[in-house]
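Trainee: my questions concern the predicted model and sequence given below.
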Amino acid sequence: MKSPAVVNYSPEKWSVEIREVDCPEIGDEDVLLEVANVGVCGSDLHQWTSDHSWPVNYPVVLGHEFGGTIVKLGKSVQGWQEGERVVSETAAIIDPNNPMTRRGMYNLDPTRKGFGYGVNGAMTRFVRVPSRILHHVPDNLPFEQACLTEPCCVAYNAVVKNAHIEPGDRVIVLGPGTIGILCAAMARLCGAQVALVGLESDRHRLEIAKTYGCEAIIGDAKEWALQRDGLGVDGVIDAAGASVTLKIALDLVRPAGWISKVGWGPQPLGFNIDQLVQKNVKLQGSFSHHWAIWERVIALLSSGQMDVRPIIGGVWPISQWHEAFEKMHSGAVVKAVLKPEA
């Protein structure tokens, strides 16, 4: 049986198209998942525009933010049943003997391969998923929201695990994309006073951030950073996709503050980082997520403490993937969601 899929077929720009793909064969420890919804990530767009900085196994079906229903179990799978509603982590292939995996930090296994670039992803009707990375989705959580568990987990890791927020802290988030808005919302949950910073072209996205109780700043955030005591904010979350924002972060953060960098920026820095030393600032990278984070985020989503509905700009059928990509690429929507067709 074949199904339409959104396939990135070469490293050339715009090399994405609909292709018919076979239903995947599953291994003993896998499940076959019928995809209900799949989110479009900024990394999908970067592969489409060919300005990504990670290796891709072409041709590959895009999509790593997804949820659906189990339709088939591998013969060794335990603890799961056909018909269960689930979401999946992204670490499709890991080395169980890697030192990072043994420490429970398989997201940092250098040999890790993820859906949508290393193995076929979920922008199609069926996807093969290792049972070790499945999580149950409560019935009260619609799949079009549940499929955004993954970017929420990225934000949780950057804000809760890799930052140092205390209630009352003043925190600036740079970059009002999906991850930036979710980081701002997560920082609010931690009790921080939060400002999200973007450009004039980001005005619509910044308005969405206000629904999470955040300040919205276009352009220079220095005045807001200095409001309390003139020294700067307690922390900066750099969620922008440009290296230059690290320079802005160093300027805004107070002495002995922190920076959590979650946004990719392939460009060379082109500036010195003496401020990092002079201010005694802690700079922390943040990448991906792991099992425990997923369980926490699903609890936040199903309880309503974290509401992703404000960032969802619409749901498109797989056949209209190009419109969904364009809407995100142009900034018209923060997050597009796709729905596979039978």
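Mentor: Thanks, I have it.
Trainee: Ala216 pairs with what?
Mentor: Residues in a beta bridge with Ala216, per DSSP bridges, are Leu196.
Trainee: next, count neighbours for it.
Mentor: 18 (other Cβ atoms under 10 Å). C-beta: built from backbone N, CA, C; applies to glycine.
Trainee: contacting residues for Gly230?
Mentor: Listed by Cβ atoms under 8 Å, 6 or more residues apart in numbering, the contact set of Gly230 is empty.
Trainee: and the helix or strand harbouring Gly67, what does it pack onto?
Mentor: Using DSSP states H and E, the element containing Gly67 is strand 65-73. Counting contacts by 3 or more Cβ pairs under 8 Å, 6 or more residues apart in numbering; DSSP states H and E, strand 65-73 packs against strand 30-39, strand 85-88, strand 126-130, helix 143-146, helix 149-156.
Trainee: tabulate these (TSV), appending distance to Thr49 and mean neighbour count.
Mentor: Listed next are the helices and strands packed on strand 65-73 as TSV, based on distance: least, Cβ to Cβ, whole Å; neighbours: other Cβ atoms under 10 Å:
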stretch	distance to Thr49	mean neighbour count
strand 30-39	18	24
strand 85-88	26	24
strand 126-130	24	24
helix 143-146	25	22
helix 149-156	19	27
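Trainee: mind putting these in TSV, mean pLDDT and distance to Leu246 included?
Mentor: What follows is those, written out as TSV (pLDDT from 0 to 100; distance: least, Cβ to Cβ, whole Å):
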stretch	mean pLDDT	distance to Leu246
strand 30-39	98	27
strand 85-88	98	32
strand 126-130	98	35
helix 143-146	98	32
helix 149-156	98	18
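Trainee: closest one to Lys327 among those?
Mentor: With Cβ to Cβ, the closest approach to Lys327 among those belongs to strand 30-39: 12.9 Å.
Trainee: between that closest one and strand 65-73, how big is the angle?
Mentor: 150 degrees (axes from the mean of the first three to the mean of the last three Cα atoms, to 10 degrees).
Trainee: and for Glu166, the neighbour number?
Mentor: Neighbour tally, Glu166, other Cβ under 10 Å: 10.
Trainee: same check, this time on the one 4 residues further on
Mentor: Summarising burial for Arg170: neighbours were counted as other Cβ under 10 Å, giving 21.
Trainee: do Pro317 as well
Mentor: 13.
Trainee: which residues does stretch 250-261 contact?
Mentor: With Cβ under 8 Å, 6+ apart as the criterion, stretch 250-261 contacts 158-159, 162-164, 172, 221-222, 225, 231-238, 246, 249, 273, 275-276, 279-286.
Trainee: in helices, which of the residues you listed appear?
Mentor: Residues from those lying in helices, with DSSP state H as the criterion: 222, 225, 246, 249, 275-276.
Trainee: so, low pLDDT: which residues of this protein?
Mentor: The model of the chain has no residue with pLDDT under 70.
Trainee: show me the domain layout of it.
Mentor: What automatic domain parsing lists as the domains of the chain is 2-148+308-339, 153-285.
Trainee: roughly how far apart are the closest residue to Phe271 other than its chain neighbours and Leu174?
Mentor: Distances taken as Cβ to Cβ, 6 or more residues apart in numbering put Lys247 closest to Phe271, at 5.2 Å, once the chain neighbours are dropped. Computed as Cβ to Cβ, to the nearest Å, the Lys247 to Leu174 distance reads 11 Å.
Trainee: comparing the two, which residue is more hemmed in?
Mentor: Set Lys247 next to Leu174 and count neighbours by other Cβ under 10 Å: Leu174 wins out with 26 against 16.
Trainee: which residues does that one bridge with?
Mentor: With DSSP bridges as the rule, Leu174 is bridged to Val197, Asp238.
Trainee: for Gly104, which non-adjacent residue is closest in space?
Mentor: That would be His290: by Cβ to Cβ, 6+ apart, it lies 6.4 Å from Gly104.
Trainee: with Arg112 as the reference, measure out to that neighbour.
Mentor: 11 Å.
Trainee: name the residues contacting each of these two.
Mentor: Common contact partners of His290 and Arg112 (Cβ under 8 Å, 6+ apart): Tyr106.
Trainee: in the protein, which residue is closest to the centre?
Mentor: With distances taken as Cα atoms, centre = their mean, Pro151 lies nearest the centre of the chain, 2.8 Å away.
Trainee: name the SS class of the nearest residue to Ser288 once chain neighbours are set aside, please.
Mentor: Closest residue to Ser288 in three dimensions, ignoring its sequence neighbours and counting by Cβ to Cβ, 6+ apart: Asn107, at 3.7 Å. For Asn107, the assignment made with DSSP: H, G, I helix; E, B strand; the rest coil gives helix.
Trainee: nice, that's everything, thank you.
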